[in-house]
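Novice: with the input below, show me the fold.
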Amino acid sequence: MASSWTHVKERAVSFVYTGRGSRYEVREVFMHKPIKVLIVDDEQQFRATTKKILDRRGYDTLVAESGEQAITMMDQKPDVVILDLLMPGMDGLAALERIKSLSEKTPVIMLTGHGAEPSAKKAREGKAFDYLAKPCSIDLLSAKIQEAYRVAYTEEAGRERRVGDVMIPLSSYSTMKENGTVRAAVTLLRESWVQRAATDRIVDSGHVSILVLSQDGDVVGVLAIVDLMQALLPAYLSAPKPSLADSIQFSPMFWDGVFTMRAKEIGDLPIGEIMGPPPLTIEADANLMEAVHRMTVNRVRRLGVTENGKVAGIIREQDILFALESVLSR
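Specialist: From the prediction side, this is the model:
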């Protein structure tokens, strides 16, 4: 089973009854545990917002308001530390030095403000794993956390990342049941574009589509904005016309009020009636280049990612972009 992108595989043993008298077999199994992230920043709003978003994406998130507090929290053994460069008291560079003296293996990602890039580059040349400038996309931050963990702890640090390593888990994507209404779908898409983070230092990304689920939770379609636009068009616009009508140009008066009328007409339609087909899929263990090929050949912006035959997440074109940036930046 491929591991979920915010979780890591942890070896354990399981005693399995064989059905033969009292015989049991000892089998190695994998259990999933969330990646533990420590966020160190003096801005309370940034800490609270980032923790909320990362928790929603499946991370185990700790927060510290200063470098001094971060040092005392290292006994909780965070897997990855996100460290602000400029803080009162112990600044990021000093905190980095202390954290590394306590746990050399723990990767530290520095966050920088405007004009602080030279100091961040200096930190990276030393002991920081990488640095990101603010405002920071939550997608990019998450991708860096994943990369830092893989390089620091897994035996596969030298291999190329797989699709499952960079996908957005289904639980973090906008979803609706197929009997949900167009009205509810429009609200959901609108809310996904509202900047969820009430701070100018972290930006949560919006989604331009909704995965449509059956009552059993299987992905049965995709509702994109283009599907909503198609549903808005009155049927008579695409109906066959007399030959002479092909040259008729619609006047401004013809269009007046049509948008409002159609919006009200489709508002209570089930989205299952207007959705597009489900996304093409790819296995979580597939190589990223296979995903690039499939998306390019089929001219699609996203693929469903399957684990054990069920869609477990989505890989999008921007996830490919972040993976490309990761290779080029190192």
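Novice: relative to Gln44, how far out is Asp55?
Specialist: According to Cβ to Cβ, to the nearest Å, Asp55 and Gln44 sit 16 Å apart. (Each C-beta comes from the backbone N, C-alpha and C, glycine too.)
Novice: out of these two, which sits in the busier spot?
Specialist: Asp55 (14 against 11; other Cβ atoms under 10 Å).
Novice: which residue lies nearest the spatial centre of the protein?
Specialist: With distances taken as Cα atoms, centre = their mean, the residue of the chain nearest its centroid is Ile168 (3.7 Å).
Novice: residue contacts, Ile210?
Specialist: Counting by Cβ atoms under 8 Å, 6 or more residues apart in numbering, Ile210 touches 174-176, 185, 188-189, 222-224, 271.
Novice: mind running it again at 6 Å?
Specialist: By Cβ atoms under 6 Å, 6 or more residues apart in numbering, the contact list for Ile210 reads 174, 176, 185, 223.
Novice: ok, the second one - contacts?
Specialist: Read that as Met176. Each residue near Met176 by Cβ under 6 Å, 6+ apart is listed here: 185, 210.
Novice: pretty sure it sits in a helix.
Specialist: No: judged by DSSP: H, G, I helix; E, B strand; the rest coil, Met176 forms no part of a helix; its state is strand.
Novice: that one bridge partners, please.
Specialist: Val212 (DSSP bridges).
Novice: per-residue pLDDT, it?
Specialist: Met176 is assigned 94 on the pLDDT scale.
Novice: also the last one?
Specialist: As summarised for this prediction, Leu223 has a pLDDT of 94.
Novice: contacts for the helix or strand harbouring it?
Specialist: Element membership for Leu223 (DSSP states H and E) is strand 219-224. Residues from elsewhere that reach strand 219-224, judged by Cβ under 6 Å, 6+ apart: 178, 185, 209-212, 214, 271, 275-276, 278-279, 311.
Novice: lowest-confidence one in those residues?
Specialist: Ranked by pLDDT, the contacts of strand 219-224 bottom out at Ser209 (87).
Novice: next one: phi and psi at that residue?
Specialist: phi -150, psi 170 (degrees, to the nearest 10).
Novice: ok, Arg47 - contacts?
Specialist: 39, 41, 63.
Novice: could you check the pLDDT of it?
Specialist: pLDDT at Arg47 comes out at 91.
Novice: who does the nearest residue to it once chain neighbours are set aside form a beta bridge with?
Specialist: Excluding its sequence neighbours, the residue lying closest to Arg47 (Cβ to Cβ, 6 or more residues apart in numbering) is Val63, at 4.4 Å. In this entry, Val63 is beta-bridged to Ile39, by DSSP bridges.
Novice: so Val63 versus Glu325, what's the distance?
Specialist: 27 Å.
Novice: of the contacts of Arg47, which is the nearest to Val305?
Specialist: Ile39 (26.9 Å; Cβ to Cβ).
Novice: pretty sure the closest one contacts Leu83?
Specialist: No: contact criterion Cβ atoms under 6 Å: Ile39 and Leu83 do not qualify, at 8.4 Å.
Novice: elements contacting whichever strand or helix holds Val305?
Specialist: Using DSSP H and E, Val305 sits within strand 302-307. Contact here means 3 or more Cβ pairs under 6 Å, 6 or more residues apart in numbering; DSSP states H and E; on that basis strand 302-307 packs against strand 281-283, strand 310-316.
Novice: tell me the gap between the last one and the middle of its chain.
Specialist: By that I understand strand 310-316. 10 Å (Cα atoms, centre = their mean, to the nearest Å).
Novice: and stretch 209-219, by the same measure?
Specialist: Mean-position distance between stretch 209-219 and its chain equals 18 Å (Cα atoms, centre = their mean).
Novice: now do that stretch: distance from first to last residue.
Specialist: 13 Å (Cα to Cα, to the nearest Å).
Novice: pull out the buried positions in that stretch.
Specialist: 209-213, 219 (16 or more other Cβ atoms under 10 Å).
Novice: how far does stretch 56-68 stretch from start to finish?
Specialist: End to end - Cα to Cα - stretch 56-68 spans 27 Å.
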